[in-house]
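Peer 1: Sequence isn't available, so here's the structure alone:
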């Protein structure tokens, strides 16, 4: 059965994930380094990991596999998830694929270097209603594709 693993510490689309999971009856793991409120639903499980570096990413990467979906803005976690056979979706609705992850990793490295040199500052732009809509659409499409593929 498909499960959704959420890198939840800074995830802005948890409400949207709950809606899609309820529609399809999917298990959701909300993984974070701190306590996060989650709806009272037996299919939604809160997982609080240690505050160690990448502890939430490691927990997700060790469990997600074929037929599962990982929601994360963390490109290395998306890469690890894809390598384990899971689908990976960014919080803005961009699906990571085996053909796009290399470019995403390279862009991440470039931006990291530019920030280190002081050339680039600031973080990601705020979520727009269009981003939320795209996320909902991508998550729904991914669930349907995984269901058609079967176990």
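Peer 2: On my side now, so go ahead. All of these numbers come straight from a predicted model, not from anything done at the bench.
Peer 1: quick one, helices of this structure?
Peer 2: Listed in chain order, the helices found in the chain under DSSP state H are 14-24, 55-63, 75-83, 101-116, 129-149.
Peer 1: out of those helices, which comes closest to residue 93?
Peer 2: Taking CB to CB as the measure, the helices of the chain were each checked against residue 93, and helix 129-149 came out nearest at 3.2 Å. C-betas here are computed from N, CA, C, even on glycine.
Peer 1: Tell me the buried residues in that closest one?
Peer 2: 131, 132, 134, 135, 136, 138, 139, 142, 143, 146 (16 or more other CB atoms under 10 Å).
Peer 1: Check which helices and strands that helix sits against.
Peer 2: The criterion is 3 or more CB pairs under 8 Å, 6 or more residues apart in numbering; DSSP states H and E, and the helices and strands that helix 129-149 contacts are helix 14-24, strand 69-71, strand 87-89.
Peer 1: who touches the longest one?
Peer 2: Translated: helix 14-24. Where contact means CB atoms under 8 Å, 6 or more residues apart in numbering, the residues beyond helix 14-24 that reach it are 2, 4, 6, 8, 11, 26-28, 30, 36, 38-39, 41, 43-44, 71, 132, 135-136, 139-140, 143, 147.
Peer 1: change it to 7 Å
Peer 2: Residues external to helix 14-24 that are found in contact with it (CB atoms under 7 Å, 6 or more residues apart in numbering): 4, 6, 8, 28, 30, 39, 43-44, 71, 132, 135-136, 139-140, 143.
Peer 1: Also the second one?
Peer 2: By CB under 7 Å, 6+ apart, the surrounding residues in contact with strand 69-71 are 2, 4-7, 11, 17, 60, 64, 77-78, 81, 86-89, 91, 142.
Peer 1: Quick check: neighbours of that strand in the sheet, parallel or antiparallel?
Peer 2: When pairs are called by DSSP bridges, strand 69-71 turns out to pair with strand 3-7 (parallel), strand 87-89 (parallel).
Peer 1: Among those strands, which comes closest to residue 50?
Peer 2: If we rank the strands paired with strand 69-71 by CB to CB, the stretch that ends up nearest is strand 3-7, at 15.0 Å.
Peer 1: Give me the angle between that closest one and helix 55-63.
Peer 2: Regarding strand 3-7 and helix 55-63, their directions subtend 160 degrees when assessed with axes from the mean of the first three to the mean of the last three CA atoms, to 10 degrees.
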